[in-house]
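Chemist: Structure of the sequence below:
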Amino acid sequence: MKSEKSRRNSLQAFYDEEQLEVLEAQKALHARRELLEETCLSHRRKRQVLSPKDLKHLIVDDKHKLLYCYVPKVACTNWKRVLMVLTGNGRYTDPLAIPANEAHLAGNLPKLSNFSVPEINRRLRSYLKFIFVREPFERLVSAYLNKFTRPYNTAFHKLYGTKIIRRHRPDAGLKALEKGNNVTFREFVQYLVDPKTQQEEPFNEHWERVHSLCHPCLIHYDLVGKYETLQPDAQTVLKLAGIEGTLQFPTSSKTTRIDSNIAAGFFNQISPDHQERLFNLYRMDFLLFNYSTPEYLRT
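Modeler: Numbering: from 1, shown residues only. Down below sits the predicted model:
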């Protein structure tokens, strides 16, 4: 494991534009961080102060001095598996041997919110902080498909599906009202843009905006990885942490990835008014992480 000084030197060199042999991937990562900081400066409304409850998505690896803010539907299962290997003291060796449900068990990985304020500040100052993001509407479609169209997600159907159907399906049958297992994407979007939704409770983490989960304008992330360039970005994180040779980031086993064409098919069901309202909800994620407005929108 690298010492803190050598790891910080690696990070400094990584972001030094005067290096003659900077890889294209490194240039992209540097540009992302610069753009994020510039966008934060131009859109910050008022000074905010982080509280411990704002840090519940940051996972701590004290051994390798890492802070990872996990975003559901952005390879967070595999990142949690990797961190379980790194922090497990030999209990785990192969990330993919860890069942997905075990990776998400509360208490398996320490959260930054569990520490005292001085301990939080010390880690924020000195640890390598990273985040992985994804095109906001492709992430949203992925969350919808996973949580509302899979028969095994009965907890989501009961908790959210029944509520969505009750509120947004005037002619709902008794079975749909009881089970909540056939929510349409149009109904899901209606639920998201309905002002009552966030008045009642915060968004679920699977469709909450990244800037609300990870506070990238208050926490200065050293590295912003993207789902679209997951493998090279993940290897860069492992390299900067000094563990590239001992562990590989798992390759996704998914045969179909949600892309703009698939997302467009779902958004064709949505009215221009609701498309515009939804884009306004996720606008800061598009801006902060340099995602273009989707061409399929009819706003």
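Chemist: okay, CA-based contacts and neighbour counts for the rest of this
Modeler: Will do.
Chemist: So residue 26, which state does it fall into?
Modeler: Residue 26 falls in the helix class when you classify it by DSSP: H, G, I helix; E, B strand; the rest coil.
Chemist: Please report the distance of it from residue 135.
Modeler: Counting by Cα to Cα, to the nearest Å, the separation of residue 26 from residue 135 is 20 Å.
Chemist: Quickly find the element holding residue 35.
Modeler: helix 24-43 (DSSP states H and E).
Chemist: now residue 197
Modeler: Short version, using DSSP H and E: residue 197 is in helix 195-200.
Chemist: related to what we said a few turns ago, among residue 26 and residue 135, which residue is more densely surrounded?
Modeler: When residue 26 is set against residue 135 and neighbours are counted by other Cα atoms under 10 Å, the residue ahead is residue 135, at 22 against 18.
Chemist: which residues touch the more buried one?
Modeler: Residues counted as contacts of residue 135 (Cα atoms under 8 Å, 6 or more residues apart in numbering) are 286, 291.
Chemist: Could you shift the numbering so residue one becomes 55, and keep it that way?
Modeler: In the new count, where the first residue is 55, that last one comes out as residue 189.
Chemist: could you say what helices and strands the helix or strand where residue 184 lies packs with?
Modeler: Taking DSSP H and E as the criterion, residue 184 maps to strand 182-187. Under the contact criterion of 3 or more Cα pairs under 8 Å, 6 or more residues apart in numbering; DSSP states H and E, the helices and strands touching strand 182-187 comprise strand 120-123, strand 277-280.
Chemist: Which of those strands has the highest mean neighbour count?
Modeler: Burial among these, expressed as mean neighbours by mean count of other Cα atoms under 10 Å, is greatest for strand 120-123, which shows a mean of 24.
Chemist: and whichever helix or strand comes after it, how far out from the chain's middle?
Modeler: On the C-terminal side of strand 120-123, the closest following helix or strand by DSSP H and E is helix 130-141. Taking Cα atoms, centre = their mean, to the nearest Å, one finds helix 130-141 lying 14 Å from the centre of the chain it belongs to.
Chemist: Report the rounded mean pLDDT for helix 130-141.
Modeler: The average of the pLDDT scores along helix 130-141 is 96.
Chemist: How far does whichever helix or strand comes after that helix sit from its chain's centre?
Modeler: Secondary structure here is assigned by DSSP H and E; on that basis, the next helix or strand after helix 130-141 toward the C-terminus is helix 154-157. On the basis of Cα atoms, centre = their mean, the separation between the geometric centre of helix 154-157 and that of its chain is 17 Å.
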